[in-house]
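When you get a sec, could you give me coordinates for this:
(chains A and B)
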Amino acid sequence: MKISIKLEGYLKYKYSSDIIELNYSKPITIHQVLEDAKISSVDVFFIKTGDKIVKEDYLLVKSTEVKLFSIIGGG
Amino acid sequence: MSYGHTGNILHIDLSSRKHWIEHPSETFYRTYWGGRALALYYMLREMKPHTDPLSPDNLLIFAPSVITGTPAPAMPRYTVCAKSPLTGAQGEAEAGGWWGPELKKAGFDALIIKGSSPTPIYLYIKDGKVEIKDATNLWGKDTGETQKIIKKKLADDKIRIAQIGPAGENLVRFANIVNELKHFNGRNGLGAVMGSKKLKAIAVRGTKPIELYNKERVSQITKNITKRVMDNPLSRGLRELGTPAVVRGFYEAGCLPSYNWTTGYFKEGESLTAETYNKTILKGTKGCYACPIRCKRVVEINEPGLKVDPSYGGPEYETIASLGSLCGISDLKYIAKANELCNKYTMDTISTGMVIAFAMQCYQEGILTKEDTGGIELTFGNKEAVLKMIEKITHREGLGDLLSQGSYLAAQKIGKGAEKFIYQVKGQEIPMHDPRLKTGVGLQYALSDYGADHMKAAHDPFFKDKDSVGIKEMKELGILEPVSPTDIGEKKVALFKLLDIYWSLLDLLGVCDFGYVPRSVGTLDELLEIIRATTGWKTTWLELMQLGERSINMARIFNHREGFTSQDDTLPEVFFHNFKNGPLDGQGAINKEDFQEALRLRYELMGWNPDNGIPTPAKLIELGLDWLTDEVKR
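This next block holds a predicted model:
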C-alpha cells in the first residue's frame, strides 16, 4: 500500500518537499511512517487522514494520504 | 553616560498646552525599563481610580523601552497604555513598525499625555523639540490622507507618524492607533482615548543615534541571528506564508472560528488559506525596523468595483478568521477590502469581525430585525453587508453606533437574550485561537489584565515534546518538562506562569515574539547579550523575569483598584462544550472544574491570594512595589 505524507505549513520547508511517498506491504502505524520518513513529530500539531484527526498510534491499513500540520503559535 | 535610553521622558498636558521633560534616575529605568511597566508607574501614581477613560484625566502613554531602537532583529516595538474604554481595565497594546525607534532617536524614552485639546491637534516632535500643531483640516480624514498631508506640510518624507483615523475620532471603543499605515497598537480601544483628547497624530523625527554600550557586540549577534533566520524553516514559513499559514491547520482540523463561534467547521476554508492568499491577492511582504523576517503581508486588488490599496498592508490570520469565517465569508478579496477599511479608519479587526458576527447571529435569531439594521440583510455570508457595517460602525450610524461600544455593552443594550451570543473576557472580544486545543492560551485569555488576547504567552504546542524548541531552548527559565497542549493540570499551570512572565517581559521591552525562542531562532543567550550590550547593564534572567512579573502585578493592582475581581478571570461558556461538526465533532470540551482549579493554583503560584486573586503585600514587597501595598490592604 502507498502512504502519501502531505506536509503543510513550514514543514514543507523543513523537509524540502510537499509530499513524501512510502510503500508498505502490511498495516502500519503513523508513528512508524513518520520514523521511516525521518519526520520529527516535534513539529507536528495535527495529523489528518481522510476526514479524521488522529494520533500517531493510528493504524493505517490501506493506501491513503496522511496530512501533517505544523505547530501553530499566535500572531 | 546612559546607554540604550536618552534619560528624557516627555510630559504633555493638552489642556494647558504645556510640556516638560523629566529626567528620571538610572534606578528608575532599571526598575521599570519601558513599555507597560513604565506606563503603569505613572498610571498608578497619577490617575485616580474610576477615571472615565474618555475624559481628559485619562493618561495616554507611548512607551518604547531602554532597548528599543537597537539595530538587532525583532526589537522595534513600543507600547501604548491608558485606561481602556472597551474594558475599563488597564489598556495596553504593542506595535511594530518604525515609530518607537524614531521617538528614541528624537530624544525621548516615553511620551506621557494628559488633558485634552478643545480643537483637533497633532504633535510634531523633532530632535528634542515639541510643537503642538492645528489638525482641524485633518479631522475626518483617513490615515493615508493624513499621512500624506502631514509629510507634505512638514516637508520631510522620513517622519514617522502614529495616528488615528475616523474610528478613533468618533470614539469607537475598539479603535486602534497605527504607525506607517499598517502597524497597529490593536485591541483595547486606545485610539478612542487618543480621539477623546482630540489628538489626531504624533509625527516624530530623530537624527540622533541611540547610544549603545557595545555596538560591535550587537552587530555580531545580529549577523548570527540574521543568518539563521534566512535558513530556518519556521522563519521562512513566516516570511513566505505569514500568519495566514495558520488557516489551513485550523480549517482542516475543524477548529477555525466560524459563524460566531457556533462551529469550528468551515467547509469553504480552502479559499482562506495562505496558499490561496499568495496566489490571488498577495503583492509582496514588508518588515519592521531592523528585522529580516518580513512577515507582514501586502495585498493589492484592482478590479472593477473592488480596489484594495497596498499602502494598508494585508490581512493577518486573526483578520481572515474574524472578518471571514466568523462572519461566514469565504471571499479573500472582500476580506482584504474589509481589512483595508478597518486599517484606514483604525478599527481593530478582531473586535470588528466579532461585533458584526454577533449582530449576524442576533439577526438570524430574530433579536435584530431589518428595521434595526437600516435595511441591511445581515445574514452570515453577506460580504457586502460586512463592508456596509464597517462604515456604519466607524461613523456610528444606526446599529453601527450600538456595535461601536463593543459586543459586551451592545448585548446589554439589545437585551432579549443577546448576551448568549457574545464571546469576551473583561469586555474584550476573544481572538481567533480556540483554547480547547491549547488550554494554556485559554488560561491566558482568562487571566489577561487587558481582556482576552492571543499574544499573552507562547502557545502550548511549542512545549509538547521533550525535543520541542520551548523545552530544549528555554531551560534557563526553569522550563524543563513537556506538557500536552490539551492538558490543564499542575504542570501546565506552572509552565504558563513562566510564559506569562516571559511574554510580559518581551512586550515591555518591545521585543517581537517572532524573533526569539520559542517562536523563532534567536536564543535566550542572544537576547540577554543584546540587552547587556545595548544598556551596559550586567543583567540576568533573574532580574528580567522579576521585571516581567513586576509589570503583571502592577496591572493586577490597577484592575483591582478599578473593581475587577477573580470573577472576571473567566472564559466564555462555549469552550466548556465540545466542538460541533467537522473532524473534531463531539470532542474538545475543557472541564470547567479543572479550569477553576487551574486558576486557583495559578493565583497561588503568583503569590496572590488564592480566594480572590489579589497580590499579597509580601509579593509586592518582593517585587519592589512596596508603594502599592496600601492598595491591597483596603
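
helix/strand/coil for B:Cys342?
helix (DSSP: H, G, I helix; E, B strand; the rest coil).

Can you give me the neighbour number for it?
31 (other Cβ atoms under 10 Å in any protein chain shown). In short, each C-beta sits where N, CA and C put it, glycine included.

Find the residue closest to it in space, skipping its chain neighbours.
Here the nearest residue to B:Cys342 in space, its sequence neighbours aside, is B:Thr349; by Cβ to Cβ, 6 or more residues apart in numbering or on different chains that works out to 4.8 Å.

quick one: contacts for the one you found?
B:Thr349 makes contact with B:186, B:315, B:318-319, B:322-323, B:338-339, B:342-343 under the criterion Cβ atoms under 8 Å, 6 or more residues apart in numbering or on different chains.

7 Å instead, please
Counting by Cβ atoms under 7 Å, 6 or more residues apart in numbering or on different chains, B:Thr349 touches B:318-319, B:322-323, B:339, B:342.

Enumerate the residues of the stretch 451-600 of chain B near chain A.
Contact residues (Cβ under 7 Å from any Cβ of the partner chain) of the stretch 451-600 of chain B with chain A: B:454-455, B:458-459, B:461-462, B:465, B:467-468, B:514, B:519, B:583-584.

about what we covered before: filter the contacts of B:Thr349 down to the ones in helices?
B:318-319, B:322, B:339, B:342 (DSSP state H).

you'd agree B:Asn612 is up against B:Asp568?
No: using Cβ atoms under 7 Å, B:Asn612 makes no contact with B:Asp568, being 11.2 Å away.

Name the member of the contacts of B:Thr349 with the shortest distance to chain A.
B:Glu318 (7.9 Å; Cβ to the nearest Cβ).

dump the residue contacts of that closest one.
B:Glu318 touches B:349-350, B:431-432, counting by Cβ under 7 Å, 6+ apart.

B:Ile335 now?
The neighbours of B:Ile335, taking Cβ under 7 Å, 6+ apart as the test, are B:315, B:319-320, B:323-324, B:329.

For chain A, tell me which of those residues show up nearby.
Of those, not one also sits near chain A (Cβ under 7 Å from any Cβ).

could those be laid out in JSON lines, adding pLDDT and neighbour count?
Formatted as JSON lines, the contacts of B:Ile335 follow (pLDDT from 0 to 100; neighbours: other Cβ atoms under 10 Å in any protein chain shown):
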{"residue": "B:Pro315", "pLDDT": "98", "neighbour count": "31"}
{"residue": "B:Thr319", "pLDDT": "98", "neighbour count": "26"}
{"residue": "B:Ile320", "pLDDT": "98", "neighbour count": "30"}
{"residue": "B:Leu323", "pLDDT": "98", "neighbour count": "30"}
{"residue": "B:Gly324", "pLDDT": "98", "neighbour count": "32"}
{"residue": "B:Ile329", "pLDDT": "98", "neighbour count": "26"}
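
So which residues on chain A come close to chain B?
Counting by Cβ under 7 Å from any Cβ, the residues of chain A close to chain B are A:8-10, A:13-14, A:40-42, A:45-46, A:48, A:51-53, A:67, A:69, A:71-75.

Tell me the buried residues within these.
Among the residues of chain A next to chain B, those buried by neighbour count (16 or more other Cβ atoms under 10 Å in any protein chain shown) are A:8-10, A:13-14, A:41-42, A:45-46, A:48, A:53, A:67, A:69, A:71-75.

taking these one by one, which sit in strands?
Applying DSSP state E to those, the entries found in strands are A:45-46, A:48, A:53, A:67, A:69.

Chain B versus A:Ile20, what's the distance?
Distance of A:Ile20 to chain B, computed by Cβ to the nearest Cβ, to the nearest Å: 15 Å.

Backbone dihedrals for that residue, please?
Main-chain torsions, A:Ile20, degrees, to the nearest 10: phi -120, psi 130.

How about it: what's its closest non-neighbour residue?
Nearest non-adjacent residue to A:Ile20, counting by Cβ to Cβ, 6+ apart: A:Ile5, 4.5 Å away.

Count residues in the vicinity of that neighbour, would you?
A:Ile5 is flanked by 23 other residues according to other Cβ under 10 Å.

The closest residue to chain A within chain B - how many residues pack around it?
Residue of chain B nearest chain A, by Cβ to the nearest Cβ: B:Gly237 (3.0 Å). Residues contacting B:Gly237 under the criterion other Cβ under 10 Å number 21.

any idea of the mean pLDDT for the helix or strand harbouring it?
Secondary structure assignment for B:Gly237, by DSSP states H and E: helix B:233-240. Mean per-residue pLDDT for helix B:233-240: 90.

what's that helix packed up against?
The contact analysis (3 or more Cβ pairs under 7 Å, 6 or more residues apart in numbering or on different chains; DSSP states H and E) places helix B:233-240 against helix A:11-14.

what number of residues lie near the spatially closest residue to B:Ala175 that is not a sequence neighbour?
Nearest residue to B:Ala175 in three dimensions, chain neighbours excluded: B:Gly191, at 3.2 Å (Cβ to Cβ, 6+ apart). Other residues near B:Gly191 number 33, with proximity taken as other Cβ under 10 Å.

Pull the number of nearby residues for the closest residue to B:Glu473 other than its chain neighbours.
Spatial nearest neighbour of B:Glu473, chain neighbours left out: B:Val517 (4.3 Å); criterion: Cβ to Cβ, 6+ apart. With neighbours defined by other Cβ under 10 Å, the count for B:Val517 comes to 23.

Cross-check the contact I'm expecting between B:Ile531 and B:Thr68.
No: B:Ile531 is beyond contact range of B:Thr68, at 11.4 Å (criterion: Cβ under 7 Å).

Who has more neighbours out of those two?
The neighbour count for B:Ile531 versus B:Thr68, taken as other Cβ under 10 Å, is higher for B:Thr68 (29 against 24).

wait, is B:His50 part of a helix?
No: if the criterion is three-state DSSP, then B:His50 is coil and not within a helix.

Could you check how far it is from B:Lys83?
Using Cβ to Cβ, to the nearest Å, we find B:His50 at a distance of 9 Å from B:Lys83.

quick check: longest helix of chain A.
Chain A, longest helix under DSSP H: helix A:30-36.

and the nearest residue to B:Glu46 once chain neighbours are set aside, how many residues sit next to it?
Nearest non-adjacent residue to B:Glu46, counting by Cβ to Cβ, 6+ apart: B:Leu59, 6.3 Å away. Neighbours of B:Leu59 under the rule other Cβ under 10 Å: 20.

B:Leu59 and B:Gly115 touch, don't they?
No: with contact defined as Cβ under 7 Å, B:Leu59 does not count as touching B:Gly115 (9.6 Å).

overlap in contacts of the two?
Residues touching both B:Leu59 and B:Gly115 (Cβ under 7 Å, 6+ apart): none.

Name the SS class of B:His454, please.
coil.

Tell me who's in contact with it.
Taking Cβ under 7 Å, 6+ apart, we find B:His454 in contact with A:74, B:431, B:433, B:441.

can you put those in TSV and add pLDDT, secondary structure and distance to B:Leu111?
As requested, those are exported to TSV (pLDDT from 0 to 100; DSSP: H, G, I helix; E, B strand; the rest coil; distance: Cβ to Cβ, whole Å):
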residue	pLDDT	secondary structure	distance to B:Leu111
A:Gly74	71	coil	28
B:Pro431	98	coil	28
B:His433	97	coil	32
B:Val441	98	helix	32
